[in-house]
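S.K.: all I have is the shape, not the residue letters:
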């Protein structure tokens, strides 16, 4: 017992409560939902009755549930725009907040506050009040010109303009992660680069960005998960509505949840792959 409690194993002792909690409260519901996705689940006076239908729930979701397919497709498109943008915004703000400016701690607190206060009901109320959009954006002519564009690029620009404040609110945790990484970078490497005549732009691409590559990957994963499970996501509403629908029930909603999980994994892998390819090419340049 005491031989196990050495310095190398102290970390396992600290994460043991989380592991136990995950197995008891999270792992079982996850596997049980996967089990239910292959059944038609109904509630009766005697309890839950299940009837095995194989991949019927998955087939119905893909072939007949137009609302689910439409919202998942819209989520995929918006994720391709929002997730990289949130990470870029977080990195930019972290670089600015890492400089020795006045009231730096206050600014860090301001950018992190939305993480604490912007819960589901609060953020819904703020959206109803128009606090998450730039006021009177529609009165500008360039906005209407962009809105008239009928392709994915212009739709992405409109999405950014309509949700820029929301994207800022979603970047609080990522800013702290980048700040922690920036504060651990070797200052001697920066001094040596400046002595060799490197510009600030070259220092960023050759020293700062490669040093933060692992943290960028972490933030991409975190942002994908956070953006996928936000209460503002209509896909979550569709899954919840089907859960208590007498015609679909737990089995069908479980199938929707697993299909949605697969989409999230694919989006995450695509973004990670694009970043890895980009970082390798920039390192060779």
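M.R.: Right, received. Where do you want to start? These numbers come from a predicted model, not from an experiment.

S.K.: list the helices and strands the strand or helix carrying residue 192 packs on?
M.R.: Element membership for residue 192 (DSSP states H and E) is helix 187-195. On a contact count with 3 or more Cβ pairs under 8 Å, 6 or more residues apart in numbering; DSSP states H and E, helix 187-195 meets helix 200-203. Bear in mind the C-beta positions are built from the backbone N, C-alpha and C, glycine included.

S.K.: name the residues of whichever helix or strand comes after the helix it packs on that are buried.
M.R.: With elements assigned by DSSP H and E, the helix or strand that comes after helix 200-203 is helix 209-211. Neighbour-count burial for helix 209-211 flags residue 209 (criterion: 16 or more other Cβ atoms under 10 Å).

S.K.: and the gap between the residue nearest to residue 185 when sequence neighbours are not counted and residue 182?
M.R.: Distances taken as Cβ to Cβ, 6 or more residues apart in numbering put residue 211 closest to residue 185, at 5.4 Å, once the chain neighbours are dropped. Shown here: residue 211 relative to residue 182, a distance of 9 Å by Cβ to Cβ, to the nearest Å.

S.K.: likewise for residue 235?
M.R.: 35 Å.

S.K.: same thing with residue 47?
M.R.: In this view, residue 47 and residue 182 are 56 Å apart by Cβ to Cβ.

S.K.: more crowded one of those two?
M.R.: The neighbour count for residue 47 versus residue 182, taken as other Cβ atoms under 10 Å, is higher for residue 182 (18 against 6).

S.K.: wait, doesn't the more buried one sit right on residue 95?
M.R.: Yes. Applying Cβ atoms under 8 Å, one finds residue 182 in contact with residue 95, separated by 7.1 Å.

S.K.: hmm, back to that, which neighbours do residue 211 and residue 182 share?
M.R.: Counting by Cβ atoms under 8 Å, 6 or more residues apart in numbering, no residue touches both residue 211 and residue 182.

S.K.: what's the overlap in contacts for residue 182 and residue 95?
M.R.: Overlap of the contact sets of residue 182 and residue 95 (by Cβ under 8 Å, 6+ apart) consists of residue 208.

S.K.: ok, and the closest non-adjacent residue to residue 248?
M.R.: residue 242 is the one closest to residue 248 (Cβ to Cβ, 6+ apart), at 4.4 Å.

S.K.: any idea of the pLDDT on that neighbour?
M.R.: Listed pLDDT for residue 242 reads 87.

S.K.: separation between it and residue 273?
M.R.: Counting by Cβ to Cβ - residue 242 and residue 273 are separated by 32 Å.

S.K.: of these two, which one has the most company?
M.R.: Legend: neighbour count by other Cβ under 10 Å for residue 242 and residue 273, higher for residue 242 (24 against 10).

S.K.: what residues does the helix or strand that contains the more buried one touch?
M.R.: Per DSSP H and E: residue 242 is located in helix 234-243. Contact with helix 234-243 is made by 67-68, 71-72, 74-75, 229-230, 248-250, 252-253, 256-257, 260, as judged by Cβ under 8 Å, 6+ apart.

S.K.: buried among those? Make that a ChimeraX selection.
M.R.: A single ChimeraX command selects the buried members of these (16+ other Cβ under 10 Å):
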select :68,71,72,75,248,249,250,252,253,256,257,260
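
S.K.: for residue 167, state which of the contacts of helix 234-243 is nearest.
M.R.: Distance ranking of the contacts of helix 234-243 against residue 167, using Cβ to Cβ, places residue 230 first at 11.8 Å.
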